[in-house]
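Trainee: with the input below, show me the fold.
(2 chains)
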There are 2 protein chains.
Amino acid sequence: MSTPARRAPRAASVGGNAASGHAASGQTERLAGTSTPSRPRTRRVRGGDGARRPAYDAESLLAVAVAEFNTRGYDATSMEDLSRAAGITKSSFYHHVSGKEELLRAALARALDGLFGILDEPGARDGTALARLRHIVRRQVEVLASELPYVTLLLRVRGNTRTERWALARRREFDAVIAGLVADAAAAGEIRSRLDPGLAARLLSGTVNSLIEWYRPGRRGAATLPDDVVRAVSEGILRPA
Amino acid sequence: MSTPARRAPRAASVGGNAASGHAASGQTERLAGTSTPSRPRTRRVRGGDGARRPAYDAESLLAVAVAEFNTRGYDATSMEDLSRAAGITKSSFYHHVSGKEELLRAALARALDGLFGILDEPGARDGTALARLRHIVRRQVEVLASELPYVTLLLRVRGNTRTERWALARRREFDAVIAGLVADAAAAGEIRSRLDPGLAARLLSGTVNSLIEWYRPGRRGAATLPDDVVRAVSEGILRPA
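Mentor: This next block holds a predicted model:
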């Protein structure tokens, strides 16, 4: 496709300052509600030559970009790759966004907003440390399922750019909250007593996050998955020898 | 560095046919024993201009390449990146290997040899399904720790090249063995009864594999980690509500 989709509407900017976590949170509310499954919304518009081309809003363009990042890796994905995947010209693409790092930031912010949103829920704030952890694990599975491509991208971030380092720092903040709760639970005798709390927190997050490797929407058993994961981390998977 | 390390010894080839798992197993025995921790072996040789440059054997060159692949992603790593990281010229690099996919194949074969080697051990072949699974999980943690960069690369493979698709197929073979054992254990009442065996197998592998995200050699508690992980998947991490 060599001509721009001239009548494609100008999308809302997905950009902003990549280095600010707080700013990112507000700026991406337009793009991503954590309760909304991520379905690209595209429609066709008729270009100057009469051919139909996809027209994108900011959210659907983001979905296309995230799919490319997850397939090739962020570093290996060029603006050419992105515009080819979207079926629009590179110059049309630059009409929407300043570059690929802006898309990366928006995508990572969406995943982080979803995860940090959990920590503000009453179930994550009230009750025993154990009850709060059980709530968080259950909700993490739900957010991971509803925001799968965004969380997948977040969990694969390497730290090669400023935006990636910002996302890694935010992930560490999230992990520190979990580790603090696990330490509280350990002090209250609410975790398996022979497990070091630091290791327990790592294994807890690791088990939940490993779902991105195989979970796909519509999979059999998806409805009971949050409870199943809570049960597995509470009771174990195998039986003791 | 712009001049080749002329007196660097010609390394043993790390190449071969990427599409054959069985061939790969034999070809990489020279490179990687599963019991040997992966320490690059480099020494310095004096080049034509008298400057000292690193001299590589096949194993140490592989270690350099795998570190680059894990940092940038395989797709984003060029032969220029690899030769820069090794401190030798691109033409010196091609003296050792035919290209980056040869290095990828050797690295993935090393990880796969380590993992499949576990399945041939007496502890993985004899006894109840539960006992065999416990042995495999313990040894997986050990192999993951001793072959960390190689297993990390394996677990991040996307399937964009023939070599990657071969590695993914081998991973699926390994996972199928685990899933079969979990199904046997379930039939014998040896796993948590309310967990679907397919999900149990996924969570088991996911918990073990998640170690690549945070485990680093020399970490406190490394010696007890294999037993700790077996305990966590057997007894749980949190306590039941």
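Trainee: only C-alpha atoms from now on, for both contacts and neighbour counts.
Mentor: Fine.
Trainee: quick check: next helix or strand after the helix or strand where A:Val143 lies?
Mentor: Using DSSP states H and E, A:Val143 sits in helix A:129-146. Past helix A:129-146, heading to the C-terminal end, the next element that is a helix or strand (DSSP H and E) is helix A:148-155.
Trainee: hmm, who's touching stretch A:194-214?
Mentor: Outside of stretch A:194-214, the residues within contact range by C-alpha atoms under 8 Å, 6 or more residues apart in numbering or on different chains are A:137, A:140-141, A:144, A:148, A:151-152, A:155, A:175, A:178-179, A:182-183, A:186, A:229, A:233, B:202-203, B:206-207, B:209-211, B:214, B:228, B:232, B:237.
Trainee: give me the neighbour count for the closest residue to chain B within chain A.
Mentor: Taking C-alpha to the nearest C-alpha as the measure, the point where chain A comes nearest chain B is A:Gly236, at 3.6 Å. Burial of A:Gly236 is recorded as 27 neighbouring residues (other C-alpha atoms under 10 Å in any protein chain shown).
Trainee: just the buried members of the contacts of stretch A:194-214?
Mentor: A residue is treated as buried here by neighbour count (16 or more other C-alpha atoms under 10 Å in any protein chain shown); on that basis the buried members of the contacts of stretch A:194-214 are A:137, A:140-141, A:144, A:148, A:151-152, A:155, A:178-179, A:182-183, A:186, A:229, A:233, B:202-203, B:206-207, B:209-211, B:228, B:232, B:237.
Trainee: around chain B, pick out the residues from chain A.
Mentor: A:71-73, A:75-76, A:130-131, A:158, A:160, A:190-192, A:195, A:200, A:202-204, A:206-207, A:209-211, A:214, A:228, A:231-241 (C-alpha under 8 Å from any C-alpha of the partner chain).
Trainee: now A:Pro226, nearest residue through space, not along the chain?
Mentor: Setting aside the residues directly before and after it, A:Pro226 is nearest to A:Arg138 in space (C-alpha to C-alpha, 6 or more residues apart in numbering or on different chains), at 4.8 Å.
Trainee: count of residues packed around that neighbour?
Mentor: That count, for A:Arg138 with other C-alpha under 10 Å as the rule, works out to 20.
Trainee: now do the contacts for it.
Mentor: Going by C-alpha under 8 Å, 6+ apart, A:Arg138 touches A:226-227, A:229-230.
Trainee: adding pLDDT and secondary structure, write these out as JSON lines.
Mentor: What follows is the contacts of A:Arg138, written out as JSON lines (pLDDT from 0 to 100; DSSP: H, G, I helix; E, B strand; the rest coil):
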{"residue": "A:Pro226", "pLDDT": "96", "secondary structure": "helix"}
{"residue": "A:Asp227", "pLDDT": "95", "secondary structure": "helix"}
{"residue": "A:Val229", "pLDDT": "97", "secondary structure": "helix"}
{"residue": "A:Val230", "pLDDT": "96", "secondary structure": "helix"}
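Trainee: any idea which of the residues you listed is closest to B:Gly99?
Mentor: A:Val229 (42.6 Å; C-alpha to C-alpha).
Trainee: distance of that closest one from A:Ile136?
Mentor: 11 Å (C-alpha to C-alpha, to the nearest Å).
Trainee: so how many other residues sit close to A:Arg156?
Mentor: Residues near A:Arg156, counting by other C-alpha under 10 Å, number 16.
Trainee: quick one, phi psi at it?
Mentor: phi -110, psi 0 (degrees, to the nearest 10).
Trainee: one more: the one 5 residues further on?
Mentor: With angles defined as degrees, to the nearest 10, A:Thr161 shows backbone torsions of phi -130, psi 170.
Trainee: so, low pLDDT: which residues of chain A?
Mentor: Using pLDDT under 70 as the threshold, the predicted model of chain A has low-confidence ranges A:1-55.
Trainee: checking A:Ile178 next. Helix, strand or coil?
Mentor: A:Ile178 falls in the helix class when you classify it by DSSP: H, G, I helix; E, B strand; the rest coil.
Trainee: and it, what is it in contact with?
Mentor: Contacts of A:Ile178 were listed using C-alpha under 8 Å, 6+ apart, and they are A:133, A:201.
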